[in-house]
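Student: this one's sequence-less:
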């Protein structure tokens with residue numbers, strides 16, 4: 001039985017800028033709810049009782065969310081890193097949290113998934129391995145964007161390829177950043193230095209002939225690390241490709257308290273946050289409006305993410321992000 005988990009939540013989220021200017025990456029809204037809420041709910045479903053997160057950028061928002069407004073019954077703890085120490089280094093700092101645990105779960109705070117954790121845990125425990133890595137398939141054309149994992153006939157890792165050229169990729173299985181570890185893993189992570197699982201720990205394990213078990217996700221997984229992937233994951237939710245308990249009606253998701261004016265056209269699939277105000281004669285085509293967004297009359301948007309602020313009357317925009325630059329006299333910016 002696995003009772004404890006760690007969520008790696010210290011990432012800066014620079015590739016998601018400007019979505020992460022004022023919101024830490026794990027709390028960006030996906031389908032009108034913080035991304036990390038879905039992770040916490042999924043962990044609660046599989047019986048996890050306690051979670052710790054390492055925090056860094058805009059840390060107080062994560063800390064407050066899950067100590068004061070936790071949507072689950074999971075006991076939440078955190079550490080705040082003063083300097084980033086890598087994925088493995090961050091886990092090493094939380095060794096105290098797992099001192100009585102034989103096995104525990106570690107996962108990234110920016111992954112959206114409907115993985116079957118029970119099957120993952122069973123695979124790990126039956127393998128007897130120190131580490132089990134959750135993998136997923138991607139199209140061969142995208143292997144150059146990921147850490148590729150080559151697996152032998154017994155389901156153990158035989159080789160890693162870090163973002164190989166497509167023609168050199170030996171597999172289209174990739175590392176999802178979801179791991180189950182035995183407590184022995186801490187012996188393989190040095191204290192007080194920057195250390196990464198993919199670049200340091202796992203290659204070292206292969207060199208020492210320490211088996212790494214694998215589990216292939218039979219379901220959805222997405223790394224929401226870029227704006228394009230944020231858009232795609234939102235579309236996947238609207239198209240019911242992700243089993244995370246989100247109910248979509250007529251291809252759109254409209255949050256509580258939002259008001260739409262006369263002659264509003266919703267085309268494609270749109271996500272409208274809570275408390276939004278959409279004026280008259282507005283067209284929204286495959287757009288995402290964060291909570292509290294205001295769209296004035298005669299606005300026409302296609303493929304636009306509105307992070308906050310007011311979109312002025314008569315605005316037309318395509319495939320961009322509109323946000324209020326707080327340090328720039330609250331001027332609405334486009335990115």
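Tutor: Cool, got the structure. Small disclaimer: the values here were computed from a predicted structure and weren't measured. Numbering: from 1, shown residues only.

Student: Let me know whether my guess that residue 256 is in a helix holds.
Tutor: No - with DSSP: H, G, I helix; E, B strand; the rest coil as the criterion, residue 256 is located in coil rather than a helix.

Student: got the contact list for it?
Tutor: Residue 256 is in contact with 274, 275, counting by CB atoms under 8 Å, 6 or more residues apart in numbering. In this view, the C-beta of every residue, glycine as well, is placed from N, C-alpha and C.

Student: give me the beta-bridge partners of residue 75?
Tutor: According to DSSP bridges, the residues that bridge with residue 75 are residue 50.

Student: what separates it from residue 64, distance-wise?
Tutor: 16 Å (CB to CB, to the nearest Å).

Student: More neighbours: which of these two?
Tutor: More crowded of residue 75 and residue 64, by other CB atoms under 10 Å: residue 75, with 13 against 10.

Student: quick one: the more buried one and residue 92, what's the gap?
Tutor: 21 Å.

Student: same question, residue 286
Tutor: 42 Å.

Student: What values do phi and psi take at the residue nearest the centre of the chain?
Tutor: By CA atoms, centre = their mean, the mean C-alpha position of the chain lies nearest to residue 110, the distance being 1.8 Å. Phi and psi for residue 110, reported as degrees, to the nearest 10, are phi -120, psi 20.

Student: That one against residue 35, yeah?
Tutor: Yes - counting by CB atoms under 8 Å, residue 110 touches residue 35, with 6.6 Å between them.

Student: anything in contact with each of those two?
Tutor: Shared contacts of residue 110 and residue 35, defined by CB under 8 Å, 6+ apart, comprise 25, 26, 224.

Student: For these, which single residue is the most surrounded?
Tutor: Neighbour counts for the shared contacts of residue 110 and residue 35, by other CB under 10 Å, peak at residue 26, which reaches 31 neighbours.

Student: pLDDT below threshold where in the protein?
Tutor: Applying pLDDT under 70 to the chain flags the ranges 325-335.

Student: where along this structure do the helices fall?
Tutor: Taking DSSP state H as the test, the helices found in the chain are 35-45, 59-68, 86-93, 117-127, 202-207, 227-238.

Student: Include distance to residue 303 when you put those helices into JSON lines, please.
Tutor: Output for these, formatted as JSON lines (distance: least, CB to CB, whole Å):
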{"stretch": "helix 35-45", "distance to residue 303": "20"}
{"stretch": "helix 59-68", "distance to residue 303": "27"}
{"stretch": "helix 86-93", "distance to residue 303": "33"}
{"stretch": "helix 117-127", "distance to residue 303": "34"}
{"stretch": "helix 202-207", "distance to residue 303": "38"}
{"stretch": "helix 227-238", "distance to residue 303": "7"}
